[in-house]
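In: based on what follows, work out the 3D shape:
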Amino acid sequence: MSGGQDEAIARGWAAVVAAARRTAAEGLVVGTSGNVSLRIGDTVLVTPSGVPYDRLRPEDLTGVDPEGNQILGKLAPTSELPLHLAIYRNTEASAVVHTHAVHATAVSTLVTEVPPIHYAAALLGGTVRVAPYARYGTPELARNMLTALRDRTGCLLANHGTVTHGATLDQAYERTAQLEWLCRVWLTANSLPGRTPTLLTPDQLNAAAQALKGYGQR
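Out: The predicted structure follows:
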């Protein structure tokens, strides 16, 4: 690799480690669960399997090519590598965040899609689907996830957790945080005996999606 590419890889790895540590610090994962990746050209930087995030160092850089062959580092990549690679092969995403967030995981055991209780769902492309259960690390899980992600930037994995992607790690992480919050709101509202939460209609959700396209600073 050229000097410039080496520098980009080093910066990318630092960002991956920072995002992974943030998932732990903010309670979205426990122990070594969950994983984070970043695509830089034809290299996918990914957290290694079974290593606590606070122990990761610059020299623990772990990377694979688009086919999953390890090209950087000596630590084995996350067992969820098929999930990450499936997103990169089928979308324009540059970053993926996978967590075992408590509220989102709980919701994944109750419904086939997250009820549209708040317009935050529009930030993920619409009503968030739940991918049917398959064992972690399997091609079947990756296939189920891709179906749930159709026209979406995030989904739940049944009895497992969350997956979001974005153009940057910050964007992918923000979508993860929004999805966990959305699930927490629905669980809270749905927990009141004798009361049923009011949900948004498809038209209301679509209107919010259109309005959000112009949200924020240009």
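In: next, count neighbours for A25.
Out: Neighbours of A25 under the rule other Cβ atoms under 10 Å: 11. Heads up, the C-betas are built off the backbone N, CA and C, glycines and all.
In: distance of it relative to G50?
Out: Distance from A25 to G50, counting by Cβ to Cβ, to the nearest Å: 19 Å.
In: name the residues that touch stretch 31-40?
Out: 8-9, 12, 15-16, 19-20, 23, 28, 44-47, 49-53, 78, 80, 84, 88, 93-100, 161, 169 (Cβ atoms under 8 Å, 6 or more residues apart in numbering).
In: what about those, which are in helices?
Out: Here DSSP state H is the test, and the contacts of stretch 31-40 give 8-9, 12, 15-16, 19-20, 23, 84, 88, 169 as lying in helices.
In: helix, strand or coil for the residue of the chain most remote from its centre?
Out: Going by Cα atoms, centre = their mean, the residue of the chain most distant from its centre is G194, 33.9 Å out. When classified by DSSP: H, G, I helix; E, B strand; the rest coil, G194 comes out as coil.
In: mind checking how far the closest residue to A106 other than its chain neighbours is from A104?
Out: Of all residues not flanking A106 in the chain, L187 sits nearest, at 6.3 Å (Cβ to Cβ, 6 or more residues apart in numbering). As judged by Cβ to Cβ, L187 and A104 stand 10 Å apart.
In: ok, the two, which is more surrounded?
Out: For L187 and A104, the more surrounded residue by other Cβ under 10 Å is A104, and the numbers stand at 28 against 17.
In: hang on, that one is in a helix, isn't it?
Out: Yes. The assignment for A104 by three-state DSSP puts it in a helix.
In: these two touch, right, it and C183?
Out: Yes. Counting by Cβ atoms under 8 Å, A104 touches C183, with 4.3 Å between them.
In: now the common contact residues for the two.
Out: L156.
In: flag the shaky bits of the protein, pLDDT-wise.
Out: The model of the chain has pLDDT under 70 over residues 1-3, 214-218.
In: wait, isn't H165 in contact with N90?
Out: No. Assessed by Cβ under 8 Å, H165 is found out of contact with N90, at 10.1 Å.
In: looking at the two, which one has more neighbours?
Out: Each of H165 and N90 has its neighbours counted (other Cβ under 10 Å); H165 has more, 26 against 12.
In: so which strand or helix has the more buried one?
Out: Using DSSP states H and E, H165 falls within strand 161-166.
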